[in-house]
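Chemist: What follows is a predicted structure for the sequence shown.
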Amino acid sequence: MRCCGSAGADLCSDCGLRSGLFLMLKRAVVLGSTGSIGRNALAVIDALRDEWMVAGLAAGADGRHLAEQANRFRPAAVALADERRAGELRSALVYEPRIRLGADAQVRLLEEVACDGVVSAVVGAGGLAGTLKAVEQGRRVALANKEAMVMAGALLVPLAKRTGATIIPVDSEHSAIFQALQGGRREDVERVYLTASGGPFRTWSLEAMEHVTVEEALRHPTWNMGPKITIDSATMMNKALEIVEARWLFDLPADKIEVVIHPESIIHALVEYRDGALLAQMSAPDMRMPIQYALTYPSRRACPAPRLDLGTVRQLTLQPPDVDRFPALRLGRVVAERGGTCGAVLNAGNEAAVELFREGLIPFTEIARGTERALEGHEFKAAATLEDLLAADRWARQEVTRCLSC
Ligand code: MG
């Protein structure tokens, strides 16, 4: 428990809350707590400590960082996927939470820890099992793990309807759509626009992009994010994944989801209604706002993220994307239209290609090309089960690795 419950005292000396108040707090489990979104989620929960407490934390491999977070927030249980790092976790802990280790540790954590909300912030397909479990349990799911929705939206969305789970997007564009949808009726929505900064190579030629280095791809102009999503932003594969994510989250056909380049990253998305009204959500590019909204929805609370200072906004640029220079965008549309196993192949093919690029084995432009070849070559199944999706995921990783190194 977060609170030491110092009996008899007016205020608890540990958490500063009135004694006994911790009983009323909502309990959060953060999956992927040591990553960029996970760290921001903990900052938000810390700021909301009169409403939320941390009940469980799960990380991939950073045992020391997980221990630091646990020592601060005192969850009842922690999970670490990489068992080889258990020693550094144990030696850095200053109390004795339950510890779960191994590839299925995040799922066991969810099974064993009662909670009111799950922040699903593992990066990549590795977050699917935890996201599925949280949805199966009928939780409020603050979904940052877009890859789970890209892979398995066709399973997750109906499952949430059955279990009563509320999936609230944390991805800034989807949070923005979710917020702008509060301004009208769903049947009156004509289309949505996902904004994209365009990444560091927005103005580069295709030829110049052939020679992009890993370091250049990791330098995002407006957002401070983890390495995988930063490279996805540079290829604009991130926007392709987000088209698919929006297709499932908001039950929209692909032709109602547009992408618009907006280098200032101030407008996060727009919803266009039947009467021509465009509702845009604007805020400073800081993930703490969408994370917090996913936890406090439908309420709004003061947020630790910086405010957008309108006095400093000189211009807001909106322009169409160049699909020839950023072919990943085309893939997003195709996958959103076809559904089935395509999402799993798009995501896994991209994850494998990004790894190869980071290892210096393929040029930057091969990330989208290799993923496209996997999509074209895969055995498509329209009504895919979870097993089909996992098999498609495995196949795509092998295929991209095999093709790109030959
Ligand atoms: Mg996004």
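Modeler: Structure received.
Chemist: State whether Leu279 is indeed within a helix.
Modeler: No: under DSSP: H, G, I helix; E, B strand; the rest coil, Leu279 falls outside any helix and is assigned strand.
Chemist: Quick one: name the residues of this structure near the ion.
Modeler: With Cβ under 5 Å from the ion as the criterion, the chain meets the ion at residues Asp171, Ser172, Glu173. Where C-beta positions appear, they are placed from N, C-alpha and C, glycine not excepted.
Chemist: Show the contacting residues for the residue nearest to the first one when sequence neighbours are not counted.
Modeler: Distance criterion Cβ to Cβ, 6 or more residues apart in numbering; nearest residue to Asp171, sequence neighbours excluded, is Lys146 at 5.3 Å. Remark: with contacts taken as Cβ atoms under 8 Å, 6 or more residues apart in numbering, Lys146 is in contact with Asp171, His174, Leu241, Glu242, Glu245.
Chemist: My guess is Tyr193 contacts Val259. True?
Modeler: Yes: using Cβ atoms under 8 Å, Tyr193 makes contact with Val259 at a distance of 7.3 Å.
Chemist: could you measure Pro200 against the ion, distance?
Modeler: 16 Å (Cβ to the ion, to the nearest Å).
Chemist: contacting residues around the one residue in the chain that gets nearest to the ion?
Modeler: Across the chain, the shortest distance to the ion (Cβ to the ion) belongs to Asp171, at 4.2 Å. In this structure, Asp171 makes contact with Leu143, Ala144, Lys146, Glu242, Glu245, Pro290, judged by Cβ under 8 Å, 6+ apart.
Chemist: now swap in Asn350 and tell me
Modeler: Asp232, Met237, Leu241, Ala328, Ile367, Thr371.
Chemist: Using TSV, please lay out the residues you listed together with pLDDT and secondary structure.
Modeler: Shown next, in TSV, are the contacts of Asn350 (pLDDT from 0 to 100; DSSP: H, G, I helix; E, B strand; the rest coil):
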residue	pLDDT	secondary structure
Asp232	94	helix
Met237	97	helix
Leu241	97	helix
Ala328	96	helix
Ile367	95	helix
Thr371	96	helix
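Chemist: Among those, list the two that are farthest apart in space.
Modeler: Farthest apart among those by Cβ to Cβ are Leu241 and Ile367. That separation is 12.5 Å.
Chemist: So for those two, which sits in the more crowded spot?
Modeler: Neighbour totals were compared for Leu241 and Ile367, and Ile367 leads with 29 against 26 (other Cβ atoms under 10 Å).
Chemist: Geometric centre of the chain: which residue is closest?
Modeler: Centroid-nearest residue in the chain: Ala144, 2.4 Å away (criterion: Cα atoms, centre = their mean).
Chemist: Hmm, that one is touching Glu245, no?
Modeler: No: using Cβ under 8 Å, Ala144 makes no contact with Glu245, being 10.7 Å away.
Chemist: Run through the stretch 1-150 of the chain and note the low-pLDDT ranges.
Modeler: Residues of the stretch 1-150 of the chain meeting the criterion pLDDT under 70: 1-23.
Chemist: The nearest residue to Gly184 once chain neighbours are set aside and Asp171: what is the separation?
Modeler: Excluding the flanking residues, the one nearest Gly184 by Cβ to Cβ, 6+ apart is Tyr273, at 5.0 Å. The gap separating Tyr273 from Asp171 is 22 Å, by Cβ to Cβ, to the nearest Å.
Chemist: got it, and Met225?
Modeler: Relative to Asp171, and taking Cβ to Cβ, Met225 is found at 11 Å.
Chemist: what's the answer for Pro285, then?
Modeler: Taken as Cβ to Cβ, the span from Pro285 to Asp171 is 13 Å.
Chemist: on that earlier part again, need the residues of the chain next to the ion in CSV with distance to Gly87, can you?
Modeler: Formatted as CSV, the residues of the chain next to the ion follow (distance: Cβ to Cβ, whole Å):
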residue, distance to Gly87
Asp171, 35
Ser172, 37
Glu173, 40
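Chemist: No further queries at this time; thank you.
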